[in-house]
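Novice: pasted the sequence and its predicted model underneath.
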Amino acid sequence: MHAALLDMSERMVAAARAGDWDAVAALEAERSRQLAALSITEPGALPLFKQLLALTEQVRELARRQRDRLGADMEDHQHRHRALSAYLHAGAE
């Protein structure tokens, strides 16, 4: 199970890097189910959790960057929309 969780987490990072957020969400849902079945007292659980946390942080950072890009794109779109509206309004007068 440990190898499967690590593989799934690494695929999540790869999907996030590729911008495939649907795949990230699907992998996270499956990974969460598998994590729920994992006992913290299992041998090797602590190192596994540390590795999973590091991979999760990579996905979070990639998601944060994507969110920031989308926010900037939205601001650009709103600015253009306001400029176009002002232009059309001025032309109608």
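Specialist: It's in.
Novice: so how far is the lowest-mean-pLDDT helix or strand in the chain from its chain's centroid?
Specialist: The weakest-scoring helix or strand in the chain, judged by mean pLDDT, DSSP states H and E, is helix 45-92 (a mean of 86). Distance, stretch centre to chain centre, for helix 45-92: 11 Å (CA atoms, centre = their mean, to the nearest Å).
Novice: what's that helix packed up against?
Specialist: Under the contact definition 3 or more CB pairs under 8 Å, 6 or more residues apart in numbering; DSSP states H and E, helix 45-92 sits against helix 2-18, helix 21-36. Where C-beta positions appear, they are placed from N, C-alpha and C, glycine not excepted.
Novice: compute the inter-axis angle for the first one and helix 45-92.
Specialist: In this case it means helix 2-18. Counting by axes from the mean of the first three to the mean of the last three CA atoms, to 10 degrees, helix 2-18 lies at 20 degrees to helix 45-92.
Novice: dump helix 2-18 to PDB, restricted to CA.
Specialist: Provided in PDB are the C-alpha atoms of helix 2-18 (Å, rounded to 0.1, in the frame of the first residue of the first chain):
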ATOM      1  CA  HIS A   2       2.900   2.400   0.700                       C
ATOM      2  CA  ALA A   3       4.200   2.100  -2.800                       C
ATOM      3  CA  ALA A   4       0.700   2.700  -4.200                       C
ATOM      4  CA  LEU A   5       0.300   5.800  -2.100                       C
ATOM      5  CA  LEU A   6       3.600   7.200  -3.100                       C
ATOM      6  CA  ASP A   7       3.000   6.500  -6.800                       C
ATOM      7  CA  MET A   8      -0.400   8.100  -6.600                       C
ATOM      8  CA  SER A   9       1.100  11.200  -5.000                       C
ATOM      9  CA  GLU A  10       3.800  11.400  -7.600                       C
ATOM     10  CA  ARG A  11       1.200  11.200 -10.300                       C
ATOM     11  CA  MET A  12      -0.700  14.000  -8.600                       C
ATOM     12  CA  VAL A  13       2.400  16.200  -8.800                       C
ATOM     13  CA  ALA A  14       2.900  15.300 -12.400                       C
ATOM     14  CA  ALA A  15      -0.800  16.100 -13.200                       C
ATOM     15  CA  ALA A  16      -0.500  19.400 -11.400                       C
ATOM     16  CA  ARG A  17       2.600  20.300 -13.300                       C
ATOM     17  CA  ALA A  18       0.700  19.500 -16.500                       C
END
